[in-house]
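Student: Make a model of this:
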Amino acid sequence: MENVWSYSFTVFMAFFAIMNPIVNIPIFVKLTEGLNENKKREVAKTASIVAFVIVFSFILIGQYIFQIFGLTIPAFKVFGGVLVFFIGFEMLQSKKSSIQLQEKKDFDEGITISPLAIPILAGPGTIVTAMNFVVKANLLHVFLTIVIFALIVGLTYMAFIYSSLIVKMVGDKNFVIIGKIMGLILGVLGANMLIEGVKLAFGI
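Tutor: Residues are numbered from 1 along each chain as shown. This is a model prediction of the structure:
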């Protein structure tokens, strides 16, 4: 039971840090600027569902992708660790996303899918993190990973629909602090994935 709780906490923190339900709020506010509350809810709901379906699909077929392309678990863990570490490092450096958000008078429905659902919510880092937890995992761990990811998506949805209120309460400066904390957590998780990959590769 203790192992289950420990695993669940690790997965939760990994998904929470890499998806940034709070830190992504300013991006959502910018993308949905000028929309009424009902439309914002619709955008948040669609983006959340699409992100969940994408990552859920990778969780289910991830092992088959490994078999088809002849990928190894150590190599995946090493690459995943480097990628997650790099994302966390960028967050600590306060670098802006490479996605350019342009202001438009008319709302572009495509923004709901990209860049909001992909890659802001279901980006490479999220997918790699999810697959890293389920590769060679037992059914219980796979189930917990799916449930926890669904929980994070739900929290993200709630953060989006209450984005205006949260921005007023938290303040822009505090969002920067939260982002750096999440970056630190991601960096440590990435380093841990890398170490696990190296140990598996060399049988340590």
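Student: residue contacts, the nearest residue to L121 once chain neighbours are set aside?
Tutor: The spatially closest residue to L121, leaving aside those adjacent along the chain, is A51, at 3.7 Å (C-beta to C-beta, 6 or more residues apart in numbering). Placement of C-beta: from N, CA and C, glycine included. Counting by C-beta atoms under 8 Å, 6 or more residues apart in numbering, A51 touches 117-118, 121-122, 126, 153, 156.
Student: how about 7 Å then?
Tutor: Contact analysis of A51 by C-beta atoms under 7 Å, 6 or more residues apart in numbering lists 117, 121-122, 153.
Student: What residues sit buried inside the helix or strand where it lies?
Tutor: Using DSSP states H and E, the element containing A51 is helix 37-69. Buried positions in helix 37-69, judged by neighbour count with 16 or more other C-beta atoms under 10 Å: 40, 42-44, 47-48, 50-52, 54-56, 58-59, 62-63, 66.
Student: what mean pLDDT does it have?
Tutor: Here helix 37-69 scores 89 as its mean pLDDT.
Student: I'd say S163 and I27 touch.
Tutor: No - using C-beta atoms under 7 Å, S163 is not in contact with I27; the gap is 9.6 Å.
Student: before we move on, the earlier item: taking the contacts of A51 one by one, which sit in helices?
Tutor: V153 (DSSP state H).
Student: quick one: which two of the contacts of A51 are the most distant?
Tutor: The span of the contacts of A51, defined through C-beta to C-beta, is set by A117 and V153 at 10.4 Å.
Student: Could you check how far the residue nearest to L121 is from F66?
Tutor: 23 Å (C-beta to C-beta, to the nearest Å).
Student: do the same with I73
Tutor: 8 Å.
Student: Over to G125?
Tutor: From G125 to F66 the distance is 19 Å (C-beta to C-beta).
Student: Next: V198.
Tutor: V198 is 19 Å from F66, by C-beta to C-beta.
Student: L35 now?
Tutor: Distance from L35 to F66, by C-beta to C-beta: 41 Å.
Student: same question, T10
Tutor: T10 is 22 Å from F66, by C-beta to C-beta.
Student: Give me the secondary structure label for K136.
Tutor: Using DSSP: H, G, I helix; E, B strand; the rest coil, the structure places K136 in coil.
Student: what's near enough to touch it?
Tutor: I73.
Student: Equivalent analysis for G62, please.
Tutor: Taking C-beta under 7 Å, 6+ apart, one finds 131, 134-135 in contact with G62.
Student: try 10 Å
Tutor: Contacts for G62 (C-beta atoms under 10 Å, 6 or more residues apart in numbering) come out as 71, 76, 127-128, 130-135, 142.
Student: again, but for V43
Tutor: V43 neighbours (C-beta under 10 Å, 6+ apart): 28, 31-32, 35, 107, 109, 111-112, 116-117, 160-161.
Student: Using TSV, lay out the contacts of A51 together with distance to G183.
Tutor: Below are the contacts of A51 laid out as TSV (distance: C-beta to C-beta, whole Å):
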residue	distance to G183
A117	22
L121	17
A122	19
V153	21
